[in-house]
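**Q** The sequence and its predicted three-dimensional model are supplied below.
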Amino acid sequence: MLAIERRNKILAMLQRDSRVVVSDLSTSFNVTEETIRRDLEKLEKEGFAKKTYGGAIINESLNVDLPYTVRKKANVTNKQYIADIISSMIEDGDHIMMDASSTAVYVAKHLKNKKNITIITNSIEILLELSEVAGWKVLSTGGTLREGSLSLVGYQAEKMITNYHVDKAIISCKGIDMEKGITDSNEMDAHIKKLMLESANIKILAADNSKFNKISFTKIGDLTDIDILITDTELDDKWKQVFNTMKVETQY
């Protein structure tokens, strides 16, 4: 196993369990404890973990952008639940924009029974997922591949998005806050998401319950910039009132 593969597996464990123990990892991966300590030091330098005596804990900062290979394995059941709801809202013949979030990939998987769909995306993973779907028009935004994210960003991607208008845009985020709005950890990804919302008749935000009352590094938009919120659990009364006041439809 390559070192980067082992570190990604360790990071996935941290995401799942919040902490890891050096001795346990050494046994699991059949490497020395010193090798595991070097892995944890690397993860700490990259901002993903915090070393502790005998192990490490997850860095829970919302400004840390986890590798896509780790993100796509997190909260899978919740993402599939959200994707199923969104799929029921997509009609044959729709023109759609989808961001490069791991949630959007699950949405794409759920849409394959639809007909005559046109989709514009900056997600390499979605492009691969839909490469063999017949009767669809799948458009890449183009742009610069952002390391570790499988997303295309930058001027070319932004220019392509602004040249089109679609029925629905589907994006995700890192945080949703009543005052700060919708936020994400990377400025370039956040700008792509903002442009997608501006290019759509119906603006859909897909966010599981872990995103609420959280603020990440950079703003995508205000709560009033979306039309529909799709989440995985019933909102509390305060959030229900906020979205009702802003005339944002909610489904869960």
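**A** Thanks, I have it. Residues are numbered from 1 along each chain as shown.
**Q** Just want the phi and psi numbers for residue 140.
**A** Phi and psi for residue 140, reported as degrees, to the nearest 10, are phi -90, psi 140.
**Q** For it, list each beta-bridge partner.
**A** Beta-bridge partners for residue 140, by DSSP bridges, are residue 121.
**Q** start at 662 instead
**A** Happy to do that; since the first residue is 662 now, the last one works out to residue 801.
**Q** can you pull the contacts of residue 704?
**A** 668, 671, 672, 675, 710, 717 (Cβ atoms under 8 Å, 6 or more residues apart in numbering). All C-beta atoms are positioned from the backbone trio N, CA, C, and that covers glycine.
**Q** again with residue 873
**A** Counting by Cβ under 8 Å, 6+ apart, residue 873 touches 837, 892, 896, 900.
**Q** Filter the residues you listed down to just the ones in helices.
**A** residue 900 (DSSP state H).
**Q** okay, the contacts of residue 873 in a markdown table with pLDDT next?
**A** What follows is those, written out as a markdown table (pLDDT from 0 to 100):
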| residue | pLDDT |
| --- | --- |
| 837 | 97 |
| 892 | 97 |
| 896 | 96 |
| 900 | 97 |
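**Q** Buried ones in the strand or helix carrying residue 711, by neighbour count?
**A** Using DSSP states H and E, residue 711 sits within strand 710-713. By 16 or more other Cβ atoms under 10 Å, the buried positions in strand 710-713 come out as 710, 711.
**Q** Let me see the mean pLDDT of it.
**A** What strand 710-713 shows for mean pLDDT is 90.
**Q** On the pLDDT front, check the nearest residue to residue 777 once chain neighbours are set aside for me.
**A** Excluding its sequence neighbours, the residue lying closest to residue 777 (Cβ to Cβ, 6 or more residues apart in numbering) is residue 754, at 4.8 Å. Turning to residue 754, the model gives it a pLDDT of 98.
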